[in-house]
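Sequence and predicted structure, then a few things I'm wondering about:
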Amino acid sequence: QVQLVESGGGLVQAGGSLRLSCAASGRTFSRNILGWFRQAPGKEREFVAAISWIGIPIYYTDSEKGRFTISRDNAKNTVYLQMNSLKPEDTAVYYCAAAPSSRGLGRRRSDYDDWGQGTQVTVSS
């Protein structure tokens, strides 16, 4: 099992930036795929991005591509999500998730075994 702790959320104005971090601990060697999901009030949790152990390939949904960048520091067991040009519709709780490499870079919640508690991102207009 892997424990995931997100940080870096907050309140930002539209057009601003935030950098989310997710620190992994425990059996991190068994969960080499790290991903970010988000859930807005009243909506389903949706995939944002995922990254493999070696940092490639990287998946984004179309609306985030070009604005969001996922990266990782394996020495620190940490994955990051740099979010630029934020929009009010980016407001959500952002969750970090982990999956074994054998499952590949998935976009479904069911592809991931471990989840963090989430960090709130609020973008004001």
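All right, it came through fine. Numbering: from 1, shown residues only.

Report the helix or strand with the lowest average pLDDT across this structure.
Comparing every helix and strand of the chain by mean pLDDT, DSSP states H and E singles out strand 58-60 as the least confident one, with a mean of 72.

Check which element follows that one along the chain.
Heading C-terminal from strand 58-60, the first helix or strand you meet, by DSSP states H and E, is strand 68-73.

So which bits of that next one are buried?
Counting neighbours by 16 or more other C-beta atoms under 10 Å, one finds that the buried residues in strand 68-73 are 68, 69, 70, 72. Quick note: C-beta positions are derived from backbone N, CA and C, even for glycine.

Leaving out chain neighbours, which residue sits closest to the second one?
Read that as residue 69. In space, not counting the residues next to it along the chain, residue 69 is nearest to residue 82; the distance is 4.4 Å by C-beta to C-beta, 6 or more residues apart in numbering.

mind checking the SS state of that neighbour?
Under the three-state scheme (DSSP: H, G, I helix; E, B strand; the rest coil), the conformation of residue 82 reads as strand.

got the contact list for the residue nearest to the spatial centre of the chain?
The centre of the chain sits closest to residue 36, judged by C-alpha atoms, centre = their mean, with a distance of 2.0 Å. Contact criterion C-beta atoms under 8 Å, 6 or more residues apart in numbering gives 20, 22, 48, 49, 50, 70, 79, 81, 94, 95, 96, 97 as the residues in contact with residue 36.

show me what contacts the closest residue to residue 86 other than its chain neighbours?
Ranked by C-beta to C-beta, 6+ apart and with sequence neighbours excluded, the top spatial neighbour of residue 86 is residue 123, at 4.6 Å. Applying C-beta under 8 Å, 6+ apart, we find residue 123 in contact with 11, 12, 13, 14, 16, 86, 87, 88, 89, 90, 91.
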